[in-house]
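[1] coords below, sequence missing:
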Ligand code: CO
């Protein structure tokens, strides 16, 4: 059975990076590792390490993304929670077997990682992301 290693990141949808950094960086004292354009997700992502995990500030670069719609509806806020697993294919098969609804039934291959989302209908309302980091 697949094993969950840690919380990889908590993603927060933000309409504006500079104003969100006045809290996360300036008030909380966290350090920005880097800011990255992620064309596959149509977003700009600010990576903020916190111990073994990260906070990711996600600003959409297009109106037609799930994060953009989330911001339009709620003004932003916590968007998803990402767990790092040792074997994402086994994890997805196991969850499916247990009747959990998946957004991605098979993992998507991205540079350096595989990822999939679990549907919030099966998690009590939290969008859950799964990562397997390539070794
Ligand atoms: Co994420």
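    Yes, it's here. Keep in mind it's a predicted model, so treat the numbers as computed, not measured.

[2] residue 2 versus the residue in the chain sticking out farthest from the centre, what's the distance?
    Taking C-alpha atoms, centre = their mean, the residue of the chain most remote from its mean C-alpha position is residue 97, at 23.5 Å. Taking C-beta to C-beta, to the nearest Å as the criterion, residue 97 is separated from residue 2 by 12 Å. C-beta here means a position set from N, CA and C on the backbone, and glycine is covered the same way.

[3] residues contacting the nearest residue to residue 49 once chain neighbours are set aside?
    With sequence-adjacent residues excluded and distances taken as C-beta to C-beta, 6 or more residues apart in numbering, residue 49 is closest to residue 33, at 5.4 Å. Shown in contact with residue 33 (C-beta atoms under 8 Å, 6 or more residues apart in numbering): 47, 48, 49, 54.

[4] got it, and residue 78?
    Taking C-beta under 8 Å, 6+ apart, we find residue 78 in contact with 10, 11, 12, 13.

[5] let's see 10 Å
    Residues in contact with residue 78 (C-beta atoms under 10 Å, 6 or more residues apart in numbering) are 10, 11, 12, 13, 55, 70, 126, 127.

[6] identify the bridge partners of it.
    Here residue 78 sits in beta bridges with residue 12, as judged by DSSP bridges.

[7] which stretches of the chain form strands?
    Under the criterion DSSP state E, strands of the chain are mapped to 4-13, 34-38, 43-50, 53-60, 77-85, 108-110, 113-118, 128-133.

[8] which stretch in these has the least confidence?
    Per-stretch averages of pLDDT across those put strand 108-110 at the bottom, with a mean of 90.
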